[in-house]
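**Q** with the sequence up front, the predicted model follows.
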Amino acid sequence: MNLPENFIAQMQHILGAEYSVFAESLEQETPTTIRLNPRKKVTNEVLFDQNTEPVKWNADGRYLPQRPVFTLDPAFHAGAYYVQEASSMFVAEAIKQTLDFDKPLRVMDLCAAPGGKTTLLASLLNEKSLLVANEVIKSRVAPLKENLEKWGFPNYIVSNHDPEDMIDLEGFFDLVLTDAPCSGEGLFRKDPKARNEWSEDSVQLCSARQKRILQAAAMLVAPNGYLCYSTCTYNEKENQENAKWLTQTADFEEVKLNIPADWNITEKSFGYQFYPHKTKGEGFYLAIFRKTQGSRAEVRGKVKFNRVPQKKVELLKKWLANPEYFEFYEKPEGAIVAIPTNLTNEYSAILRVLQKRSSGFEIGQFKGEDFIPSHDLALSTAISDDLPHVDLSKEDALKFLKKEQISVENAPNGWLLARYEGLNLGFMKVIGNRMNNYLPKEWRIRMDIPE
Ligand SMILES: C[S@@+](CC[C@H](N)C(=O)[O-])C[C@H]1O[C@@H](n2cnc3c(N)ncnc32)[C@H](O)[C@@H]1O
């Protein structure tokens, strides 16, 4: 593999005699891994019947023996799993060792798109917790939102801000994950672009940008809350040096993790490093810190949308498994937002401070007395289990996902969930012999489906 000369020198300096084994590992294929969604169980899925191997540091992680065409698996579209590089799944272990996930938590994923780590966080959070997924680059927000909708955790807000815009949320979050943009050295094996773009100057730029992001992230953390910093690089300027800088310039102390020796993760002066010659995955770095001082933002406030009148709330109840968990609001353009009852103060603060953001879990909208359910509701784990549904074969599920017409015999008139192996794919509306497919057009499968 053609590696930049200065990168070789840097890695020889870090790894010494191990360098040649490291270089050899870059010639090997990148393992394909998925992380299962613990809240979306597949009744019978071929993909997981293969000889999968568990990822040691994440109980939901699986190595696949080969890379399938994920687009052709309806379970992928239903959010039953996320295709994620194995090393980065370590975030779950690090935060499980530090936070109590039985508590209601306020969590911010500051550099979130396309949502790999946001969905990982969503898997750990309980139904009383709030997850804000922020992405500064506008074009990356839609895929992030789509991945979150698929994952099904209802208590999320997606925002599109520079971390430095968030000063009014000082001391608000129990956990801020900062998966920073980096020089990407850990991706050299699978991404030739990362190799070609690497230079010592770009490392300097990344390191300075990371400091700026870390400074903004630090401010958002509540006292006794945590900041988790990660990159997909080996570079010490971006990793240990920035981690050390954080502890010197802000009120944070590093948390040491308990890591079994056979995981082969390398402990650094600050943080933990994954190397591809030692662990089955790509290069990855993580450090986690506890905030030692400051004051927690206690928030009070009203959500600025109108409450849905009780008569209409009654009509909404059948759509949700636990409607009592939510308060319902109507946005000016008509969308109904379900906000967890214990989180209305938090939502009001986020909706006020962050101007460029979604409004939370939009479950649909009324047209007169009729309720039109949203796609977000269809894929949410908060949806009722008792709604009319039809179980589709794989062939029909793929047709549905191409937004084509499928014929459903003896279906009752009205809203019908399209389901595959126990997983909701979206809504259809049956009117006599007609079936309207409500899959959002932007989500449809565009590739040809082989016979
Ligand atoms: C390593 S990627 C995040 C990957 C994501 N956490 C995941 O697991 O799927 C870093 C993200 O930071 C965003 N980013 C770029 N510049 C930024 C900045 N100045 N502040 C915050 N985020 C930035 C990038 O657009 C990118 O989406």
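**A** Looks like it arrived, so ask away.

**Q** and the helices in this structure?
**A** Counting by DSSP state H, the chain has helices at residues 5-15, 19-25, 46-49, 74-77, 90-96, 116-124, 141-151, 192-197, 200-220, 240-249, 310-317, 344-353, 375-379, 394-401.

**Q** looking at those, which is closest to residue 256?
**A** Comparing these against residue 256 with C-beta to C-beta, the closest turns out to be helix 90-96 (10.7 Å). All C-beta atoms are positioned from the backbone trio N, CA, C, and that covers glycine.

**Q** the closest one vs the ligand: in contact?
**A** No - under the criterion of C-beta under 6 Å from any ligand atom, helix 90-96 makes no contact with the ligand; the nearest approach is 8.2 Å.

**Q** mind listing what's buried in that helix?
**A** 90-95 (16 or more other C-beta atoms under 10 Å).

**Q** same question for stretch 15-34.
**A** 15, 19, 22-23, 25-26, 30-34.

**Q** and if you look at stretch 286-297?
**A** Going by neighbour count (16+ other C-beta under 10 Å), the buried part of stretch 286-297 is 286-291, 294, 296-297.

**Q** ok, is it in contact with the ligand or not?
**A** No - using C-beta under 6 Å from any ligand atom, stretch 286-297 never reaches the ligand; the gap is at least 11.9 Å.

**Q** and the closest residue in space to residue 218 that isn't next to it in sequence, what does it touch?
**A** Excluding the flanking residues, the one nearest residue 218 by C-beta to C-beta, 6 or more residues apart in numbering is residue 250, at 4.3 Å. By C-beta atoms under 8 Å, 6 or more residues apart in numbering, the residues touching residue 250 are 215, 218, 291.

**Q** could you do residue 435 as well?
**A** Neighbouring residues of residue 435 by C-beta under 8 Å, 6+ apart: 405-408, 411, 416, 428-429.

**Q** list just the nearest of those to the ligand.
**A** Proximity of the contacts of residue 435 to the ligand (C-beta to the nearest ligand atom) peaks at residue 428, which lies at 31.1 Å.

**Q** in CSV, list the buried residues of stretch 15-34 along with distance to residue 188 and pLDDT.
**A** Putting these into CSV (distance: C-beta to C-beta, whole Å; pLDDT from 0 to 100) gives the following:
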residue, distance to residue 188, pLDDT
15, 14, 98
19, 14, 97
22, 11, 97
23, 10, 96
25, 11, 96
26, 6, 95
30, 10, 93
31, 15, 95
32, 18, 95
33, 18, 96
34, 22, 95
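
**Q** look up how far residue 354 lies from the residue nearest to residue 218.
**A** Taking C-beta to C-beta, to the nearest Å as the measure, residue 250 falls 22 Å from residue 354.

**Q** and residue 10, by the same measure?
**A** As judged by C-beta to C-beta, residue 10 and residue 354 stand 38 Å apart.

**Q** residue 30 too?
**A** 36 Å.

**Q** pLDDT weak spots in the stretch 51-200 of the chain?
**A** Along the stretch 51-200 of the chain, no part satisfies pLDDT under 70.

**Q** interface residues of it facing the ligand?
**A** 111-117, 135-137, 140, 162-163, 179, 181.

**Q** now do the contacts for the closest residue to residue 146 other than its chain neighbours.
**A** Once flanking residues are discounted, residue 146 sits nearest to residue 443: 6.7 Å by C-beta to C-beta, 6+ apart. Going by C-beta under 8 Å, 6+ apart, residue 443 touches 77, 146, 375, 401.

**Q** ok, longest strand in this structure?
**A** Secondary structure of the chain per DSSP state E: the longest strand is strand 221-231.

**Q** now it: buried residues?
**A** Residues 221-222, 225-231 are the ones in strand 221-231 that count as buried (16+ other C-beta under 10 Å).

**Q** can you pull the contacts of residue 384?
**A** By C-beta under 8 Å, 6+ apart, the contact list for residue 384 reads 318-321.

**Q** which among the contacts of residue 443 gets closest to the ligand?
**A** The ligand lies nearest to residue 146 out of the contacts of residue 443, by C-beta to the nearest ligand atom, at 12.5 Å.

**Q** can you get me a residue count around that closest one?
**A** Residues lying near residue 146 (other C-beta atoms under 10 Å) number 20.

**Q** so what's residue 214 closest to, chain neighbours aside?
**A** On the basis of C-beta to C-beta, 6+ apart, the spatially nearest residue to residue 214 that is not a chain neighbour turns out to be residue 246, at 5.4 Å.

**Q** quick check: that neighbour touching residue 289?
**A** Yes - contact criterion C-beta atoms under 8 Å: residue 246 and residue 289 qualify, at 6.4 Å.

**Q** domain map for this protein?
**A** As recorded under automatic domain parsing, the domains making up the chain are 5-30+84-291, 299-384.
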